[in-house]
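Asker: here is my input; please provide its structure:
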Amino acid sequence: MLHLLGETQAKAVFAHYMVGSQDQDHAQQDIDNAMTVGLDGFALNIGDPTASYVPTTLEYLYDYAYDKDFKLFFSMDLSAETAACTAGCASGTACCSGPSDYMSLLQLYLGNEAYYLGPNGLPMISTYSSGGFSNETFSTWKTSLDSQMYFIPMFDDTDGYYAQASGWWSYWGSVVDALFSWEAAWPAVGDGSSSDVGSVSPDMPVIEGAADHGKGYMIALSSLQYKDAYGANLYRPGGLNLPIRMNNILGIASQLDFVEIITWNDGPESHYIGDVWAEASDTSIEYCEPGAAFPHTAWQPLVTSFINAYKAGSSMSPPSGATAVGALWYKTILQDASCSGATKPDGWSTGTDSLTWAIVLASGSSGMTVVLTSNGAVISTVGVNAGLNFGSPTGVQAGAQMLQLLTSAGTVVMTATGGECVSSGCPAGIYNMNYQVLGLSSGGGSASCSS
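Answerer: Prediction:
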């Protein structure tokens, strides 16, 4: 039996964390930063459990989290694991054991004080995909661990999952303790209609099916998905996906057990909210080498406001005493850009030349206005109120971009500008859909950008 020392928390919020060859100081900084944001822990994505860097990075993370109010649990990336081991043997998936390949790591860490415990008081284990393995494979694996776990896999690659077919529950019901849906975090590729951006409609049948069977649910929260990596080149609309989904999740918070933010540090997918370290990421990918040119940390204050509201069952608000928190984000090439020799990502046509923003104002705020300026021209002026406000006006021109928050008297109190200029060309040589994310600073100032 496992020696269980960890803790479980209601309404916990995690971030998906890619385990790479992180330096020790960077691994520790990730935990410190995540705690500042208000996260309860990391879901540790491990694609190849035999990779030489995995034991070292896990030791850095678990040792540092050991005496902190921050927990870690494994997310077995069975999709990547299957691809890795299949590539090394001619017999295909017969050489892969799926979850059993993680046994040595699980046995080493499941009893660690920094390991997160699920609502049943047992170690929480998740997955990325089913890896194509059968219910028997998972049942055998669970038995080998005396079923001493809270198993919350991401099985939305299995037939009938989103339809919540009765056959799905007959096949998988005895295997799972809860469910986690990854693909529901964004609209489908090529679908940028306003009704789909940020929607929780795909989650609802799964939430209801899980509840009907006495199972829990973890919902995904993300900004966008853009990648020209991992063998794919695609874009799934970002823009307002993050703030709209925040609003929608808060509307169903009572039906949820956990939230998982996708992701803390997956640079090639573009949906990171933390640092992307050079030693742990694919720095050959131009649009995030290694993320310094496209930092997304300015989203973190919005995430903190969301976490606080989710746990309190309230609306979003800035920290006590603060006027506002928020960010401005935009892609740095225009929709009519031409990138010689490059291929447009699937879903490119759903992109827009927009300045997307979200601002959370304190209770009692009134008469304030947000002004959006592109290359010196005002493209939007809108009144904002207490709580979460957002918008995504079009009309972006090449050059510097700026957001200003004004009082009812017209005084500029906060500004977001700087970062990379929007280009009418193609400076990275690819159809880059990653976002430049700019945080709010106190006071006014002129629009600026760097080429």
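Asker: show me the contacts for Val371.
Answerer: By Cβ atoms under 8 Å, 6 or more residues apart in numbering, Val371 lies in contact with 378, 380-381, 403-404, 406. C-beta here means a position set from N, CA and C on the backbone, and glycine is covered the same way.
Asker: ok, 10 Å please
Answerer: Contact analysis of Val371 by Cβ atoms under 10 Å, 6 or more residues apart in numbering lists 378-382, 402-406, 410, 412, 415.
Asker: and the buried ones among these, selectable in ChimeraX?
Answerer: If you want just the buried ones from these in ChimeraX, going by 16 or more other Cβ atoms under 10 Å, the selection is:
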select :379,380,402,403,404,405,406,415
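Asker: take the contacts of Val371 and keep only those in strands.
Answerer: The strands, defined by DSSP state E, take in 378-382, 402-406, 412, 415 from those.
Asker: between these, which sits nearest Ala80?
Answerer: Leu403 (38.0 Å; Cβ to Cβ).
Asker: who is the closest one paired with across the strands?
Answerer: Leu372, Ala416 (DSSP bridges).
Asker: ok, it to Ile379 distance?
Answerer: For Leu403, the distance to Ile379 (Cβ to Cβ, to the nearest Å) stands at 11 Å.
Asker: which residues do the two both contact?
Answerer: Common neighbours of Leu403 and Ile379 (criterion: Cβ under 10 Å, 6+ apart): 355, 371-373.
Asker: show me which pair in these is furthest apart.
Answerer: Across these (Cβ to Cβ), the longest gap, 10.6 Å, separates Leu355 and Val371.
Asker: residues in contact with Asn233?
Answerer: Per Cβ under 10 Å, 6+ apart, neighbours of Asn233: 226-227, 342-348, 430-431, 433.
Asker: quick check: Asp32 is in a helix.
Answerer: Yes: per DSSP: H, G, I helix; E, B strand; the rest coil, Asp32 lies within a helix segment.
Asker: that one contacts Leu39, doesn't it?
Answerer: No: under the criterion of Cβ atoms under 10 Å, Asp32 is not in contact with Leu39, lying 11.0 Å apart.
Asker: looking at those two, which is more packed in?
Answerer: Leu39 (26 against 11; other Cβ atoms under 10 Å).
Asker: and the pLDDT for the more buried one?
Answerer: Looking at Leu39, its pLDDT is 98.
Asker: where does it land in three-state SS?
Answerer: Judged by three-state DSSP, the three-state class of Leu39 is coil.
Asker: can you list residues touching both of Leu355 and Val371?
Answerer: Counting by Cβ under 10 Å, 6+ apart, the shared contacts of Leu355 and Val371 are 379-380, 402-403.
Asker: that older thread, identify the contacts common to Asp32 and Leu39.
Answerer: Shared contacts of Asp32 and Leu39 (Cβ under 10 Å, 6+ apart): Phe70.
Asker: now the residue located most distally from the centre of the chain: how far from Ala312?
Answerer: In terms of distance from the mean C-alpha position of the chain, Ala409 ranks first, at 37.9 Å (Cα atoms, centre = their mean). Distance of Ala409 to Ala312, computed by Cβ to Cβ: 32 Å.
Asker: so who does the residue lying closest to Gly192 once chain neighbours are set aside touch?
Answerer: Once flanking residues are discounted, Gly192 sits nearest to Thr350: 3.1 Å by Cβ to Cβ, 6 or more residues apart in numbering. Each residue near Thr350 by Cβ under 10 Å, 6+ apart is listed here: 187-193, 196-197, 235-239, 433.
Asker: any idea how far Thr350 is from Ala322?
Answerer: 34 Å.
Asker: picking that back up, buried among the contacts of Thr350? Need that as a selection in ChimeraX.
Answerer: Buried members of those, identified by 16+ other Cβ under 10 Å, are gathered into one ChimeraX selection as follows:
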select :187,189,192,196,197,235,236,237,238,239,433
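Asker: quick one: which of the contacts of Thr350 is nearest to Leu105?
Answerer: Of the contacts of Thr350, the one sitting nearest to Leu105 (Cβ to Cβ) turns out to be Arg236, at 31.2 Å.
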